[in-house]
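Asks: Task: produce atomic coordinates for the following.
(3 chains)
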Amino acid sequence: MNNQAIIYAFDLLGTVAFAASGALAGVRRGMDLLGVIVLGIVTATGGGVMRDVLLNDTPPFCFKNELYLYLAVAASVVVFLTPRSFERMNRAMLLLDALGLGTFLVIGTSKALQFNLGLMGAIIMGVMTATCGGLVRDLLSNQIPLILQREIYASACVVGGALFYFLHFTEVPNAVNLTVSAATVIAIRCAALVKGWQLPRGQAH
Amino acid sequence: MNNQAIIYAFDLLGTVAFAASGALAGVRRGMDLLGVIVLGIVTATGGGVMRDVLLNDTPPFCFKNELYLYLAVAASVVVFLTPRSFERMNRAMLLLDALGLGTFLVIGTSKALQFNLGLMGAIIMGVMTATCGGLVRDLLSNQIPLILQREIYASACVVGGALFYFLHFTEVPNAVNLTVSAATVIAIRCAALVKGWQLPRGQAH
Amino acid sequence: MNNQAIIYAFDLLGTVAFAASGALAGVRRGMDLLGVIVLGIVTATGGGVMRDVLLNDTPPFCFKNELYLYLAVAASVVVFLTPRSFERMNRAMLLLDALGLGTFLVIGTSKALQFNLGLMGAIIMGVMTATCGGLVRDLLSNQIPLILQREIYASACVVGGALFYFLHFTEVPNAVNLTVSAATVIAIRCAALVKGWQLPRGQAH
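Replies: Numbers count the residues shown, from 1 in each chain, chains lettered A, B, ... in the order given. This is a model prediction of the structure:
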C-alpha cells in the first residue's frame, strides 16, 4: 500500500468522523433528517470546498469524486438512527476527529503549495481545510464557533501547517513530510485533550 | 411563448418572492432600509451566486443580468414601505415562494448537469440554488436556519433534483423534464403546507 | 509619492484598523489567542476575499501579497495583549475605521469596473469589500451584523460607490475620482457619527 493510498484512506476516515460530528450537532438541535444530513455533509466537506474555491480548483473535490458525499450521507443517516451509541463512543469519536484534523491539514497545506502560496497562505489553507467545516456547523447551529474559543484545536493545525511548509523546502521526502506533519497535529491535539491544555484568553475589562 | 421564456418568467417571479421574504425578515428584526434591501438581495440571489461560484461560472448570474438585482431591490423597498400588507397576504406569499422553489431547483440542477456533475452534485446544486438564499437570510437574522428544522422544504427539492437527474438520462425532452420536475417540487411543497407534513426529527437523549 | 502609493498606504492602514476591530470583538467574547487572530484576519480581509472570489480573480489579493495577512496578525496580537488601551482610543479607532471604509469602497468599486460589471455590481462589490469583513466578524461572534441595523455605515458606501461609478464615465481623471469618492464615504461616515444620523427602520406590527 503506497503513500497516496494511505492518505486517501485517512481522508475518507476523517470524512466519516467529521460528518458524524456534524450530524450529532444536528440531532442535538432537534433538526429533521434532511437537516442532519446537510449538517453532516457541510461539516465533512465545507473546509475543503472553501479551499478549492479560494484556489480556483473547481468544481470542488467532492464534486469530482462523489464518494466523499456518499460517505457523509451514510454516516449522517447512521447517526440520525442511533445517536446515543455515538454519544457513548465519545472517546473514539474524539480520536477519529483528531485523525481527520491531521489528515485534512496536510492535504490543504500541500495543495496550497502546489498553487504556489506563501507561508501564511499555506497555513491558512491547511487550517481552513481542517476546521472550516466545523465552523460552518457551529454557525448553522447558531453557536459561537467552538474552534474560536476552546482548547488546542485550530492551533495544532497552525503548528502542523508551519512545520509542513518548512520541511517542504528541505530535502525531506514529501511522504515523510506528510506523515510527520499530520502526526504532529494529531499528537498535539490528543495531548491537549488528555492534559486539558488551553491557549490564553483575552482580558477584556 | 417558448419554454425558455416561461422559465425566465418564473425565475423573475421567484426572485421577487424570495426578495420579499428576505425583506420581511429584515423588517421584523428592526433593520434599517439598507439592511432590509441587503437581506432582500441576499435571499433572492444568494443560492444562485453560491452555485455559480462552486461551478466557476463567474461573475455570478445576477452580475451578468442585473435585472435580478433591480427586482430584488424594488421588492425590498415595497416591503419596507408596506410590510403589513405582505403579512396579510401570507398564503399568496407561500404559494409564490413554492413557485420560486421549484423554478430555482430545476435551474440549479440543469446547470449542474451542463457542468457534468454527478447525481449528488446535481441534487446539491439544485437544493443550494433554491434554499441557500433563505439559509443566509436566517444566519444574518441570527436564527437557526428554518430549512434545517422545519417542514418539507429542502426535501421537496431533493426529490425534484433526483427526478430531474434521472429523467435527464432518458428520452424525455428537456422542456418536459423541466416542467415535470419543477411541478413535483411545487406540488410536494404545497401539499406539505396544507397537510402539515414533517420529516422525522432526531431523538437526542 | 504617486496616487497608487497613497491608495496602498491607506489600504494597509485600513487593514490594520479593521483587524484591530475584529480582534477587539474576539477579546470581548472571551476567545483565545488564535480565535482573536482569526477574527482579526477575517475582518480585515474577508470583504476583499469575497469580492475576488465573485470576480474570479484568484487566489484572492491577500494570498498574492501576504503583507495584508502579516499586518492583520500583528494588529490582532497587539490588541490581544493590550485591549484596554484600544478601548480608550475609541475615537481614533472610529476615525481609522472610516478611513478604511472609504479606501476599501473605492478599491472594490474600481476593481468591479475593470471586470466590466454594471452599476449594481460596482456598488455591491464596493460595499462588499468595505463591509463584509465586519459582517463575518459579527456572524462569528453570534450577533446580528451591526451593518444591517445601525447607523450610516454601509449606506455611506452605497453613495460613494454610485458616485464613483458615474464619475468613471465622465472625463474626471481616475486619481481624482478615487480621492473624491473615498473622501465622500469618509465624510458621510464621520458626519453620521458626530450627528448621530440613522436610516429609517422598518415598521413591523
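
Asks: Briefly note if stretch A:60-80 comes near chain C.
Replies: No. Stretch A:60-80 stays clear of chain C (C-beta under 8 Å from any C-beta of the partner chain), getting no nearer than 12.4 Å. Quick note: C-beta positions are derived from backbone N, CA and C, even for glycine.

Asks: so where does A:V106 fall, helix or strand?
Replies: If you go by DSSP states H and E, A:V106 is part of helix A:90-114.

Asks: Show me what that helix is packed up against.
Replies: Counting contacts by 3 or more C-beta pairs under 8 Å, 6 or more residues apart in numbering or on different chains; DSSP states H and E, helix A:90-114 packs against helix A:3-28, helix A:33-55, helix A:119-140, helix A:154-168, helix A:174-195.

Asks: tell me the contacts of the residue most central in space within chain A?
Replies: With distances taken as C-alpha atoms, centre = their mean, the residue of chain A nearest its centroid is A:A130 (3.0 Å). By C-beta atoms under 8 Å, 6 or more residues apart in numbering or on different chains, the residues touching A:A130 are A:47, A:100-102, A:104-105, A:108, A:154, A:157, A:185.

Asks: What's the separation between it and B:V38?
Replies: Using C-beta to C-beta, to the nearest Å, one gets 31 Å for the distance from A:A130 to B:V38.

Asks: Quick check: buried residues in the helix holding A:V106?
Replies: For helix A:90-114, a neighbour-count test (16 or more other C-beta atoms under 10 Å in any protein chain shown) marks A:93, A:95-113 as buried.

Asks: so how far is the helix or strand of chain A with the lowest mean pLDDT from its chain's centroid?
Replies: Lowest on mean pLDDT, DSSP states H and E among the helices and strands of chain A sits helix A:83-88, with a mean of 81. The chain centroid and the centroid of helix A:83-88 are separated by 21 Å under C-alpha atoms, centre = their mean, to the nearest Å.

Asks: By neighbour count, which bits of it are buried? Give me those.
Replies: Neighbour counts over helix A:83-88 (16+ other C-beta under 10 Å) mark A:83, A:86 as buried.

Asks: Is it positioned near chain B?
Replies: Yes. Counting by C-beta under 8 Å from any C-beta, chain B has neighbours in helix A:83-88: A:83-84, A:87.

Asks: Contacts only, for A:G40.
Replies: A:19-20, A:22-23, A:26, A:72-73, A:75-76, A:79.

Asks: What pLDDT is listed against A:W197?
Replies: A:W197 carries a pLDDT score of 80 in this model.

Asks: actually A:R29, not the one I typed
Replies: pLDDT, A:R29: 85.

Asks: what number of residues lie near it?
Replies: Burial of A:R29 is recorded as 20 neighbouring residues (other C-beta atoms under 10 Å in any protein chain shown).

Asks: for it, phi and psi?
Replies: Per-residue torsions, A:R29: phi -90, psi 10 (degrees, to the nearest 10).

Asks: ok, the residue nearest to A:G30 when sequence neighbours are not counted to A:V79 distance?
Replies: Nearest residue to A:G30, sequence neighbours excluded (C-beta to C-beta, 6 or more residues apart in numbering or on different chains): B:R201, at 5.6 Å. Using C-beta to C-beta, one gets 13 Å for the distance from B:R201 to A:V79.

Asks: Could you do A:G47 as well?
Replies: According to C-beta to C-beta, A:G47 stands 19 Å off from A:V79.

Asks: Same check on A:P173?
Replies: 38 Å.

Asks: And those two? Which one has more around it.
Replies: Neighbour count, other C-beta under 10 Å: between A:P173 and A:V79, A:V79 has more, with 26 against 11.

Asks: Verify the stated contact: the more buried one with A:A20.
Replies: Yes. Counting by C-beta atoms under 8 Å, A:A20 is a contact partner of A:V79 at 5.2 Å.

Asks: Give me the common contacts of those two.
Replies: A:40, A:86.

Asks: residues contacting A:G121?
Replies: Taking C-beta under 8 Å, 6+ apart as the test, what A:G121 contacts is A:112, C:59, C:63, C:66, C:69.

Asks: Kindly confirm my reading that the second one is in a helix.
Replies: Right, C:P59. No. Counting by DSSP: H, G, I helix; E, B strand; the rest coil, C:P59 is not found in a helix; it is coil.

Asks: That one contacts A:L54, correct?
Replies: Yes. Using C-beta under 8 Å, C:P59 is in contact with A:L54, at 6.1 Å.

Asks: Those two: which has the busier surroundings?
Replies: Ranked by neighbour count (other C-beta under 10 Å), C:P59 and A:L54 place A:L54 first, with 22 against 19.

Asks: How about A:R137, nearest residue that isn't a chain neighbour?
Replies: A:T43 (4.3 Å).

Asks: count of residues packed around that neighbour?
Replies: Neighbours of A:T43 (other C-beta under 10 Å): 31.

Asks: ok, it touching A:G26?
Replies: No. Counting by C-beta under 8 Å, A:G26 is not a contact partner of A:T43; they are 9.1 Å apart.

Asks: Output the set of residues of chain A in proximity to chain B.
Replies: A:26-36, A:38-39, A:41, A:49, A:53, A:56, A:58-60, A:63, A:66, A:69-70, A:73, A:80, A:83-84, A:87, A:139-142.

Asks: Which among these count as buried?
Replies: Buried, going by 16+ other C-beta under 10 Å: A:26-27, A:29-36, A:38-39, A:41, A:49, A:53, A:56, A:58-60, A:63, A:66, A:69, A:73, A:80, A:83, A:139-141, out of the residues of chain A next to chain B.

Asks: Low-confidence bits of chain A, can you list those?
Replies: The model of chain A has pLDDT under 70 over residues A:1, A:146-150, A:202-205.

Asks: Try it again at 80.
Replies: Within chain A, the ranges that satisfy pLDDT under 80 run A:1-3, A:86-90, A:142-151, A:198-205.

Asks: Quick one: residues contacting the residue nearest to A:M50 when sequence neighbours are not counted.
Replies: Nearest non-adjacent residue to A:M50, counting by C-beta to C-beta, 6+ apart: A:C132, 5.1 Å away. By C-beta under 8 Å, 6+ apart, the residues touching A:C132 are A:46-47, A:50.

Asks: That concludes my questions; thank you for your assistance.
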